[in-house]
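*Asks:* Any chance you can model this:
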Amino acid sequence: MPSSRPTPIRLAVAGLLTALLVAACGTGTSSAPPASAGSSPTGAIGSPDATVAPTSLVVGLGYIPSVQFAQFYLAQQNGYYADAGLKVEFQQKIDADLIPLVGAGTIDIGIGDGTSVIPAASNKIPVEYVATIYGKFPNIVFAKASSGIKTAADLKGKKIGTPGRYGSGWVMLQALLASAKLTTDDVQIVEYPDFTQEAAVEQGAVDAATGFANNEPVQLQLHGSEPVILRIDDITPLPGPGLIASTATLDAKHDAISAFVAATLQAMEEIKADPTVGLDAAIAAVPELASAKDAQAAILKATIDSWSGPTQQARSLGAIDRDGWTASIAYLGTLGMVKDPVTTDQVVREDLLPAGD
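*Replies:* Next up, the predicted model:
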């Protein structure tokens, strides 16, 4: 999932396998705010037997606490997790660490997208995707509207900033260029490993850059420049970030994770209906966000917009686009990212979604 400072999403093959071994040795120490009493989400989950000890779940979010995690904060603060018999602990992890930690079962459930899950599964890391958070793939190319860039074809010969040649942003850029019969050789790549590509666009050092729909374009607009956004969704299906867990964890804690999914989706529905409840929950969890409340509200608005793609609009939040996953597996194979063949059934499970999703 995107954060206010994007981090690499996909490890190289060797890094994934090495980190998986290391993951079994320990975890980080960041924790979530304590759950508070509150009403359970209507129709989502039932009240647990008070005599039964709650099930502990360690949940891995992005590296930096952010308004983009508002649904998790709201579900925690309103007691939705507690009412479902869960004791939830949040840990902040860089994206590159999260997949192997989830695969090892050190983290019970985390956030990852198809460009992470598919290569991991093809390298025998046992992770599966159980619910969609971002129905629209959040990685985008953005530029100033004044640049004249309106389509992928307009990128030919342009300078494009990116944190590096890795991860979901790099996959998206290759797919976007390919849609205009271009490759990365047809543009000038400028790397910003410190994630300052938004400032580079703003200052004119590059013509466009990769980023997240709910981050850099929002910042660009807040700084006074109208952004243009190029999305991959209508060109090549790439599954956006969603909830992932290891096969062993799903088998051992199936009902608990299903309840966690239901409570989280309920919070998303509430925030979609009234974004202020999400903003308030994020500020309660991360008080420093209050110093830029208008900016956080704008980021949250863009985040909510990314929750619903065509599949979620047709069904409900959390629904999984299986056809999109199948197309993504095939596309990532053309990039050499699928070591051994995998199928959609191996990387996607829908039995943890609420009935009807």
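*Asks:* Which secondary structure elements does the strand or helix carrying residue 282 sit against?
*Replies:* Using DSSP states H and E, residue 282 sits within helix 275-285. Applying 3 or more C-beta pairs under 8 Å, 6 or more residues apart in numbering; DSSP states H and E, we find helix 275-285 packed against helix 70-77, helix 254-273, helix 293-307. In short, each C-beta sits where N, CA and C put it, glycine included.
*Asks:* Quick check: buried residues in the last one?
*Replies:* Meaning helix 293-307. 296-300, 302-304, 306-307 (16 or more other C-beta atoms under 10 Å).
*Asks:* and it, how far out from the chain's middle?
*Replies:* Distance of helix 293-307 from its chain centroid, counting by C-alpha atoms, centre = their mean, to the nearest Å, is 14 Å.
*Asks:* Tell me where the stretch 101-250 of the chain has strands.
*Replies:* With strands called from DSSP state E, counting those that start in this stretch, the stretch 101-250 of the chain shows them at 109-112, 127-132, 139-144, 159-162, 188-191, 208-212, 227-230, 242-246.
*Asks:* returning to what we had before: would you mind getting the angle between the helix holding residue 282 and helix 70-77?
*Replies:* On the basis of axes from the mean of the first three to the mean of the last three C-alpha atoms, to 10 degrees, helix 275-285 is oriented at 70 degrees to helix 70-77.
*Asks:* now the angle from helix 275-285 to helix 254-273?
*Replies:* 120 degrees.
*Asks:* Output the below-cut-off pLDDT ranges for the stretch 1-150 of the chain.
*Replies:* For the stretch 1-150 of the chain, applying pLDDT under 70 flags the ranges 1-51.
*Asks:* Residue 275: neighbouring residues, count only.
*Replies:* 17 (other C-beta atoms under 10 Å).
*Asks:* Return the residues in contact with it.
*Replies:* Counting by C-beta atoms under 8 Å, 6 or more residues apart in numbering, residue 275 makes contact with 297, 300-301, 304.
*Asks:* And these, which is closest to residue 250?
*Replies:* Here the nearest of those to residue 250, counting by C-beta to C-beta, is residue 304; it sits at 27.6 Å.
*Asks:* how close does that closest one get to residue 271?
*Replies:* Using C-beta to C-beta, to the nearest Å, we find residue 304 at a distance of 7 Å from residue 271.
*Asks:* Spell out which residues are contacts of both of these two.
*Replies:* Contacts common to residue 304 and residue 271, judged by C-beta under 8 Å, 6+ apart, are residue 278.
*Asks:* coming back round to it: looking at the helices and strands packed on helix 275-285, spot the one closest to residue 122.
*Replies:* helix 254-273 (23.3 Å).
*Asks:* And that closest one, how far out from the chain middle?
*Replies:* 16 Å.
*Asks:* And for stretch 334-342?
*Replies:* That offset, for stretch 334-342, works out to 21 Å (C-alpha atoms, centre = their mean).
*Asks:* And that stretch, what's buried?
*Replies:* Residues 337-338, 342 are the ones in stretch 334-342 that count as buried (16+ other C-beta under 10 Å).
*Asks:* do the same with stretch 180-194
*Replies:* Neighbour-count burial for stretch 180-194, with 16+ other C-beta under 10 Å as criterion, is recorded at 180, 182, 187, 189, 192.
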